[in-house]
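Novice: Below: sequence and its predicted model.
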Amino acid sequence: MKFMIEDLPVLFPYPRVYPEQYAYMCDLKRTLDAGGHCVLEMPSGTGKTVSLLSLIVAYQQFYPEHRKLIYCSRTMSEIEKALAELQALMKYRADQLGEVEDFRGLGLTSRKNLCLHPSVKQEKSGSVVDSRCRSLTAGFVKEKKERGEDVDLCIYHDNLDLLEPHNLIPPGVWTLDGMLRYGEQQKQCPYFTARRMMPFCNVIIYSYHYLLDPKIAERVSKELSKDCIVVFDEAHNIDNVCIESLSIDLTEDSLRKAARGANNLERRITEMKETDADKLQNEYAKLVEGLREADQARDEGAFMSNPALPDDLLKEAVPGNIRRAEHFTAFLKRFIEYLKTRMKVLHVISETPPSFLQHLKELTFIEKKPLRFCAERLTSLVRTLELTNIEDYQPLQEVASFATLVATYDTGFLLILEPYESDTASVPNPILHFACLDAAIAIKPVFDRFSSVIITSGTISPLEMYPKMLGFEAVVQESYAMTLARRSFLPMIVTRGSDQSQISSGFQTRDDPQVVRNYGNLLIEFSKLTPDGMVVFFPSYLYMERVISAWQKMEILDQVWKSKLILVETPDSQETSLALETYRTACSNGRGAILLCVARGKVSEGIDFDHHYGRTVLCIGVPFQYTESRILKARLEFLRETYRIRENDFLSFDAMRHCAQCLGRVLRGKDDYGIMVMADKRFAKKRAQLPKWIGSALLEADANMSVDQAVATAKKFLKVMSKPFPARMQDGISTWSYEQLIQHQQKLEGLKVYDTDNGEANGNGRHIHGDQIMAEAQAAEDGMGIDDDMDAAMMDLEAGRAA
Amino acid sequence: MSPVSKRDPRLGGGGGGGPDGELHTVMRGLSLQAPMPTDTGPAEVCPVCKSSRYLNSSLRFLVNPECYHKMCESCVDRIFSHGPAQCPIPGCRRTLRKHRFREQTFEDIQVEREVDIRKKVQAVFNKREEEFEGLREYNDYLNDVEDITFNLVNNIDVEETGRRFEAYQKANEKEIEENAQLAQQEKVSFSAMQKAERQQARERRDAARREENDERREVEENKRDVLNRLASGADAETVAKEGQQVQLKKRMDRQAATERQRQLQAASDSRNGSSNFVVKGLKAKQKAEPEAPIDPFGGIRIASKYFTLQDHYVWEGIQDTQKDVKHIAGGYDVRDYTHRSLCAAFSGLGVFIADEMTERDRATQDSEAIGTVRADIGLKDSLMADPL
Ligand code: SF4
Ligand SMILES: [Zn+2]
Ligand SMILES: [Zn+2]
């Protein structure tokens, strides 16, 4: 359907639109017009991606600036989904407009997923693929070939050079699969096609890391212009992604490997001095002149790029004491030796980068400045030595990254040395954590560089937290409720067992057999009443294991076993995917199954349990982080000192966002239904921190229940849900046809005119606000004319609850 | 203390002239004889008395920066207690003293030695970045220092390098001393700053904890208060509402107070901060003086004080010449002619022969000064500045 948002014609590839989708699009447009950043929370399963794409594509095609869209998502499957949506959208646009627009949309992922080279693509590990690809495509290899030496090249890469550089692939939207197929047909490398075509694309879809991880971003996303529209989808964890991209862990083993790498480099230098001393001399001369290698930027397969952010890069010449190759390797060796001695300390140390540097200088006479240039110098050296087996140098690269980072940032980082793996371990196994504490560091260049950054997810409450943590100002912050023609999901908070004693996964009561038994009863009851699949989330693996073994002894599992198959998530991803597969089979045939998993595990993040795959989700305990972790403690302190976020506020926020993620797993659309149970007395106080769409569906009466009350309510709910619900009943309430949309627009228009007449029109009057739309839609929902039988069912439900 | 395990059996080769070779064989031989626990790798063995750490876990190894041969503490005591003695490692003839034995900091003995050398080099080549005008010069200097160090470490041209080293040390004695002091100062102020920072962080942490406790206590009190009032029969809703408001207000007050505190703190911080702020970076470039116009006569004025040259003189003799194209094209300027004529006319006016005669007589007596006097006379002459 086609409609207007203010002056912008939007083509939406479905005949109906949800009110929240419309509101979302209005707010998006407002953000883009204002040229700022925004945080938007949209209920899961309400077509966020398609709304986003159709508005932005409409925006870029309609206005003369043709702003490019960079859409970032977390996982491969999400990227593919977005590409498919985009493809459908463009097809719809072509049908409607009667012409195919000149438009390119590409997805980018790692070489491992896009490689076509018959032997390279067989490799299992991503870094090996990268390294082997490099040995087939690097500039110096090509030069050798030109000189007539016998070296292997990748034909897929070579063929690209025969094409026009701005037209490597015809216009259109290319899914990853499509790219692979096209690449195979034309014998051209899909990975490099995508990389090189990035400046000529209207839409780029790739993973967060290509923008957030400075080690990659510098190389891949450098040429994108300022007016690009950047979208981070599923961004509820974006602060952790930022932090991880700048954190480094070093172990004794990795140091040993790094030392080996440095020794290898030394050997190669000696070899090269005998065979090809000119090259080294050349490099040296360039460094003396302070020249950055001009082709450095174009080197697509560069060994690594600087881990520090572009702003912090010194645009200086490499310091004199690491200019010579042999000086530099000696320097690295000394640094590694120093780190090794630090590893020998048998008590926990945490120190700031300046004090680390001071100690380093006292012991080894290594100054800060050459340290900062470590990464750059190493890249240059590796290029000069023409190394191809770069995966061997990975640990060394890590040490160099660490060196650069530690010498670049005085604050926002902390070094933590943990000599023992756990408090009870007696054999030391030291890890040196170089922990980034400030999420804003990694994302800052993104906010600085792009005028519109959109952060969106299904669960991103409380909205104010994100601008605070990431250090930006949002022009629009909005959370949308879910418009529903009937209450299709039932959130409940269970605080007490059937015996009225409180339940909690809190530290004090954790091992209390009564609590465990009450949780067990809850599980038994819900396993009986839930049709098909049921997912249970625990706060941690440790807790899950303990509870399961306790249940085993209490013979609770035996009872559950009668009604459902029980499957368990493990840290091993292969085992887990096997369990998932079995789970799905069991849900599709027979009585269904229960999946026991962990709130921060893989299942909670990326796996959907739509329809019969998940009718009940049970959160056992508040999924707090493990607060004894030193890194977390440091981060909490940092947040308190720098952003005035209190420790408890952050912990509670973090627990609730994970909880919301878990709850959202079972509801993947408006025709879906499910029960969400939060079982812990502490949830009662945290209601306000749930996303708006869950929070507003949680009735007061459901916020403090005992197990048997919850069971009764759930039974009533399922009874209502089992009645057929024709789609037409959603009309005008939770979905709008074109006419209904126009009607709403007119109504709002009327309101606005009224406002202007009253002289209240301010700057905002120009725009349609999402919350106005939502208010309207909500009103419609409240006053909906429901058919008689439906009404009766609802009454039934209410009555049941009152009883 | 370093743990027993996970030591690299190789100790790096060739330190200090290659005696490590023997060390290797000794160690290898031993590790063959006595198989060690597999996961901890070969334990360390004293090359002198062959006692191993596997049997005696309190064994400590020491090295002497003279030759970097490792031996156990008891061997050191035994051999060197009675004054300097020769290193017991076969092939090494160096004389060692007990007081110089020390524990090894780095696992790699090569690095241990390198760092010792660096210490010496650093103590002498301690120029600072701010002493250089250009980055290029600074980097070249760093490069040179590194070359010297590298040579010393790897025994390349030791003698030549040593000479360079000493020469530099002699030439720059004073600067070296000054820079060493500066570095010391910096170190002291840095550690003071670190300490202050740690202290502040601790205080802030405590404050936050106190705040949290206060708040918790208040909530409790409030609850009790509400209960009391309810018990005394007040209307439940108003009590609850009031309670909430009181709590909210208290919270706001507290927040405002901490905010004020923080601002004060920040203000004082910035004041303190400026006092021990260290300026780093290159030395400010000295701008060259703007070049003065060329003065071929070295400041001597040649314009005569007896006349000023006019542009035009009404005199037939030159009228035609002045306009003659042939002359002008040749570059001839009549003013040169008039100037010369005037000079000739006035010359001699400031010259006093008698004075000059006496001067000359004196000059012959004082033959040493003759040059200067001559110059003086010349000066006076051409200046024609002598008062009449
Ligand atoms: S150029 Fe492309 S096809 Fe060739 S090895 Fe690299 S990734 Fe694979
Ligand atoms: Zn001994
Ligand atoms: Zn010796």
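Specialist: Arrived safely. Ligands and ions are numbered 1, 2, ... in the order given.
Novice: how far is stretch A:693-708 from where the chain is centred?
Specialist: 29 Å (C-alpha atoms, centre = their mean, to the nearest Å).
Novice: same thing with stretch A:716-731?
Specialist: 34 Å.
Novice: List the buried residues of that stretch.
Specialist: Across stretch A:716-731, burial judged by 16 or more other C-beta atoms under 10 Å in any protein chain shown covers A:716-718, A:720-721, A:725, A:729-730. Just so you know, the C-beta spots here come from the backbone N, C-alpha and C atoms, and that holds for glycine as well.
Novice: The nearest residue to A:Met1 once chain neighbours are set aside: neighbour count?
Specialist: Here the nearest residue to A:Met1 in space, its sequence neighbours aside, is A:Tyr738; by C-beta to C-beta, 6 or more residues apart in numbering or on different chains that works out to 4.9 Å. The number of residues packed near A:Tyr738 is 14, by other C-beta atoms under 10 Å in any protein chain shown.
Novice: quick one on the thing from earlier: how about the buried residues of stretch A:716-731 in TSV, adding pLDDT and secondary structure?
Specialist: Below are the buried residues of stretch A:716-731 laid out as TSV (pLDDT from 0 to 100; DSSP: H, G, I helix; E, B strand; the rest coil):
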residue	pLDDT	secondary structure
A:Lys716	93	helix
A:Phe717	93	helix
A:Leu718	92	helix
A:Val720	88	helix
A:Met721	88	helix
A:Phe725	77	coil
A:Met729	71	helix
A:Gln730	73	helix
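Novice: Helix or strand: which one has A:Phe537?
Specialist: When secondary structure is defined by DSSP states H and E, A:Phe537 falls within strand A:534-538.
Novice: for the helix or strand just after that strand, which positions count as buried?
Specialist: Later in the chain than strand A:534-538, the nearest helix or strand by DSSP H and E is helix A:541-553. For helix A:541-553, burial by neighbour count (16+ other C-beta under 10 Å) applies to A:541, A:543-544, A:547-548, A:550-551.
Novice: now the helices for chain B?
Specialist: Counting by DSSP state H, chain B has helices at residues B:20-33, B:73-80, B:109-124, B:135-153, B:158-171, B:173-231, B:236-275, B:316-323, B:325-329, B:334-346, B:353-365, B:370-383.
Novice: ditto for the stretch 651-800 of chain A
Specialist: In the stretch 651-800 of chain A, the helices defined using DSSP state H, counting those that start in this stretch lie at A:692-695, A:707-722, A:738-757, A:770-782, A:788-802.
Novice: hey, least reliable of these by pLDDT?
Specialist: Looking over the helices of the stretch 651-800 of chain A, mean pLDDT reaches its minimum on helix A:788-802, with a mean of 46.
Novice: Any idea how far apart the tips of stretch A:10-25 sit?
Specialist: By C-alpha to C-alpha, to the nearest Å, the extent of stretch A:10-25 from end to end equals 9 Å.
Novice: how far is the lengthiest helix in chain A from where the chain is centred?
Specialist: Secondary structure assigned by DSSP H gives helix A:252-289 as the longest helix of chain A. Offset of helix A:252-289 from its chain centre (C-alpha atoms, centre = their mean): 38 Å.
Novice: immediately after that helix, which helix or strand?
Specialist: Counting by DSSP H and E, what follows helix A:252-289 is helix A:325-343.
Novice: Against which helices or strands is that next one packed?
Specialist: On a contact count with 3 or more C-beta pairs under 8 Å, 6 or more residues apart in numbering or on different chains; DSSP states H and E, helix A:325-343 meets helix A:252-289, helix A:353-364, helix A:374-385, helix A:394-408, strand A:431-436, helix B:109-124, helix B:135-153.
Novice: Which stretches in the stretch 551-700 of chain A count as strands?
Specialist: For the stretch 551-700 of chain A, the strands defined by DSSP state E, counting those that start in this stretch occupy A:565-568, A:593-598, A:616-620, A:674-679.
Novice: Between helix B:135-153 and the longest helix of chain A, find me the angle.
Specialist: 130 degrees (axes from the mean of the first three to the mean of the last three C-alpha atoms, to 10 degrees).
Novice: how about helix A:252-289: buried residues?
Specialist: A:252, A:254-255, A:257-259, A:261-262, A:264-266, A:268-269, A:272, A:279-280, A:283-284, A:286-288.
Novice: same check, this time on stretch A:688-707
Specialist: Neighbour count says stretch A:688-707 has A:689-695, A:697-698, A:702-707 buried, by 16+ other C-beta under 10 Å.
Novice: List the residues that contact the closest residue to A:Lys81 other than its chain neighbours.
Specialist: Take A:Lys81 and drop its neighbours on the chain: the residue closest to it by C-beta to C-beta, 6+ apart is A:Thr49, 6.9 Å away. Counting by C-beta atoms under 8 Å, 6 or more residues apart in numbering or on different chains, A:Thr49 makes contact with A:81-82, A:85, A:233.
Novice: Can you say which two of those residues are spatially most distant?
Specialist: Farthest pair in the contacts of A:Thr49 (C-beta to C-beta) is A:Glu85 and A:Asp233. Separation: 11.1 Å.
Novice: Show me how far the strand holding A:Phe537 is from its chain's centre.
Specialist: Between the centre of strand A:534-538 and the centre of its chain there are 22 Å (C-alpha atoms, centre = their mean).
Novice: Then stretch A:186-198?
Specialist: How far stretch A:186-198 lies from its chain's middle: 25 Å, per C-alpha atoms, centre = their mean.
Novice: and it, which residues are buried?
Specialist: By neighbour count on 16+ other C-beta under 10 Å, the buried set for stretch A:186-198 is A:186, A:188-198.
Novice: Tell me the bridge partners for A:Ile454.
Specialist: Per DSSP bridges, the residues bridged to A:Ile454 are A:Cys38, A:Val231.
Novice: Can you report how many residues neighbour it?
Specialist: A:Ile454: 27 surrounding residues under other C-beta under 10 Å.
Novice: For chain B, see how far away A:Asp708 is.
Specialist: Using C-beta to the nearest C-beta, to the nearest Å, one gets 28 Å for the distance from A:Asp708 to chain B.
Novice: Now for the residue nearest to that residue when sequence neighbours are not counted: which residues touch it?
Specialist: The shortest distance from A:Asp708 to any non-neighbouring residue, by C-beta to C-beta, 6+ apart, is to A:Ser498 (4.9 Å). By C-beta under 8 Å, 6+ apart, the residues touching A:Ser498 are A:518, A:521, A:706-708.
Novice: Scan chain A for its longest strand.
Specialist: strand A:489-496 (DSSP state E).
Novice: Flag every residue of the stretch 1-150 of chain B that's near ligand 3.
Specialist: Residues of the stretch 1-150 of chain B lying close to ligand 3 (C-beta under 5 Å from the ion) are B:67, B:69, B:87, B:89, B:92.
Novice: Is the fourth one in contact with B:Glu66, as I believe?
Specialist: No: contact status for B:Ile89 versus B:Glu66: not in contact, 11.3 Å apart, counting by C-beta atoms under 8 Å.
Novice: Just want to know which of these two has more residues nearby.
Specialist: Taking other C-beta under 10 Å, B:Ile89 and B:Glu66 do not tie; B:Ile89 has more neighbours (19 against 15).
Novice: Could you report the pLDDT at the more buried one?
Specialist: At B:Ile89, pLDDT is 87.
Novice: and what of the one 4 residues further on?
Specialist: According to the predicted model, the pLDDT of B:Arg93 comes to 83.
Novice: my read: it touches B:Cys67, true?
Specialist: No: using C-beta under 8 Å, B:Arg93 makes no contact with B:Cys67, being 9.1 Å away.
Novice: Need the residues touching each of the two.
Specialist: Common neighbours of B:Arg93 and B:Cys67 (criterion: C-beta under 8 Å, 6+ apart): B:Cys87.
Novice: quick one, which of those two is more surrounded?
Specialist: Neighbour totals were compared for B:Arg93 and B:Cys67, and B:Cys67 leads with 19 against 9 (other C-beta under 10 Å).
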